[in-house]
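Asker: Okay, here's the prediction I keep looking at, along with the sequence it came from:
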Amino acid sequence: MTNSISCAENFTVNDHKGLDARHFETIHSKLESIDVPTQTQQYVLYDDSLEVKQPGEDKTFDEIATAMRHIAETMNDRARHAARAVHAKSHGLLKGDLKVYEQLPEPFAQGLFRRSASYPVILRLSTNPGDMLPDSISTPRGLAVKVIGVHGEQMLPGHEDEVTQDFVCVNAKAFPVPDAAGFLEQLRVLEKHATDSETLKQAVSTTARVAESVLESIGLKSATLLGFGHPQTHILGETFCSVAPLRYGNYVAKICISPASENLKALTNKHLEIGGNYSALRDAVVEFFGTNTAEWEVGVQLCTDVKKMPIEDASVEWDEKESPYVPVARITVKPQHAYSPERRVYVDEMLSFSPWHGLSAHRPLGNIMRARKKSYEASSRFRHSMNGRPAAEPKTGTEIPD
Ligand code: HEM
């Protein structure tokens, strides 16, 4: 049962003490306009048994890592340089701050968001192919966020000596397939078409924006399968989501990072003229951050029903009427050079982002998330070893070059 009135009542006058007025306004007006379950017990409590391993899933995960490695090797051979197996092309590398809102209600004050604090963050905007395509071939977008300086929390295995929490998101609310087996099928198509000419990919992309059915004629099952045909819009107007669930302290959640400042909102669905510009998205981001400050809101959607909001099937979008995204933090990025050569080397070449970098309190959950662990590690190892660049994991924000 949900109730927007008693939800607002959850914030007593005492709760407002010390709360930044603007942030309180945001949280308060959001909570008043949405239905938030008022009883903590309505949120599903985290338990290890919520995850159910599929028989033979480890073999599927290995096959995915191998196929990804094959794509990365193919691209490395062409470019004489190793990039990420997917999301190879970056469009903006930003340095900012994440501020956790004060006085969050208990179910939302969990893990990183347990108490109000500010952290330096690095943001990497990307598009999803494993090769460097011209931006006229429009594809879905990604946003990877690394929060730096998280001390005193239990970290995930393999990440114990580090102080970072990554959120790796795309501009969608659900995954195109339910599980890793479905993803492997898709990946096989990508693997097969990895060496297709840019001309063919351009044709697929353009056609996909017009009519997906036409693609059958050139032998491709679906353009969305290849991720082509995304509308040619400004990347800074996108909302980026975790798509798959993660542990949220005592609860289970998906997260979304959405435009909060008016200048970002104005870019949502805004057509971006690409023309013949190979890197129109990067140029648009660099131009924007030449003068603008931007703000994104981090929203958390808690699971209220594991049947309607499954953990193991990432293709199900969790209904926001059942449980809305509630704002828990704000990311602010001030004017800066959004793609300096030094920052590109550091973020693109030396850093890795993974849902498996972070706090135990934000452990990734479900089959798709489990599949990602091995592939991200292998992809990162491969590109670092091929390019002879050391892997870095920052301890402080000062390590991010301007
Ligand atoms: C079975 C599922 C998936 C597999 C196997 C997979 C695999 C990978 C790999 C190998 C990388 C490159 C890592 C590196 O070299 O550092 C990567 C990057 C990325 N993935 Fe996934 N991924 C999967 C699902 C997802 C999902 C569900 C999302 C979004 C919610 C996502 C978003 C991204 C993004 C944004 C990047 C770029 C990260 C960066 O900027 O460094 N992936 N993925």
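Answerer: Thanks, I have the structure now.
Asker: For L31, give me the pLDDT.
Answerer: pLDDT, L31: 51.
Asker: P157: how many residues sit nearby?
Answerer: The local packing count at P157 equals 8, with neighbours defined by other Cβ atoms under 10 Å. Yep, even glycine has a C-beta here, placed from its N, CA and C like the rest.
Asker: Model confidence score at it, please.
Answerer: Taking P157 on its own, its pLDDT is 95.
Asker: Mind checking what secondary structure it has?
Answerer: Put simply, P157 is coil when judged by DSSP: H, G, I helix; E, B strand; the rest coil.
Asker: what about it, distance to the ligand?
Answerer: Counting by Cβ to the nearest ligand atom, to the nearest Å, the separation of P157 from the ligand is 18 Å.
Asker: and if you look at S279?
Answerer: Spatial separation of S279 from the ligand under the definition Cβ to the nearest ligand atom is 16 Å.
Asker: Near the ligand, which residues of the stretch 1-150 of the chain are found?
Answerer: Among all residues of the stretch 1-150 of the chain, those adjacent to the ligand (criterion: Cβ under 6 Å from any ligand atom) are 64, 68, 84-87, 124, 126, 142, 144.
Asker: ok, now which ones touch L187?
Answerer: The neighbourhood of L187, defined by Cβ atoms under 8 Å, 6 or more residues apart in numbering, consists of 64, 67-68.
Asker: Recalculate using a threshold of 10 Å.
Answerer: Applying Cβ atoms under 10 Å, 6 or more residues apart in numbering, one finds that L187 lies in contact with 63-64, 66-68, 70-71, 85-86, 180, 375.
Asker: These into CSV, with extra columns for neighbour count?
Answerer: Output for the contacts of L187, formatted as CSV (neighbours: other Cβ atoms under 10 Å):
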residue, neighbour count
E63, 16
I64, 23
T66, 15
A67, 20
M68, 23
H70, 14
I71, 22
A85, 28
V86, 21
A180, 26
S375, 23
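Asker: pLDDT and secondary structure added to the residues you listed, as CSV?
Answerer: Below are those laid out as CSV (pLDDT from 0 to 100; DSSP: H, G, I helix; E, B strand; the rest coil):
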residue, pLDDT, secondary structure
E63, 96, helix
I64, 96, helix
T66, 95, helix
A67, 93, helix
M68, 93, helix
H70, 91, helix
I71, 89, helix
A85, 91, coil
V86, 93, coil
A180, 97, helix
S375, 96, helix
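Asker: which among the residues you listed gets closest to Y46?
Answerer: Taking Cβ to Cβ as the measure, Y46 sits nearest to A180 out of the contacts of L187, at 21.9 Å.
Asker: Do a quick rundown of the strands in the stretch 51-200 of the chain.
Answerer: Listed in chain order, the strands of the stretch 51-200 of the chain (DSSP state E, counting those that start in this stretch) span 89-100, 118-127, 141-148, 164-170.
Asker: possible to save these as a markdown table with mean pLDDT?
Answerer: Listed next are the strands of the stretch 51-200 of the chain as a markdown table, based on pLDDT from 0 to 100:
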| stretch | mean pLDDT |
| --- | --- |
| strand 89-100 | 98 |
| strand 118-127 | 98 |
| strand 141-148 | 98 |
| strand 164-170 | 98 |
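Asker: Before I go, just wanted to say thanks for your time.
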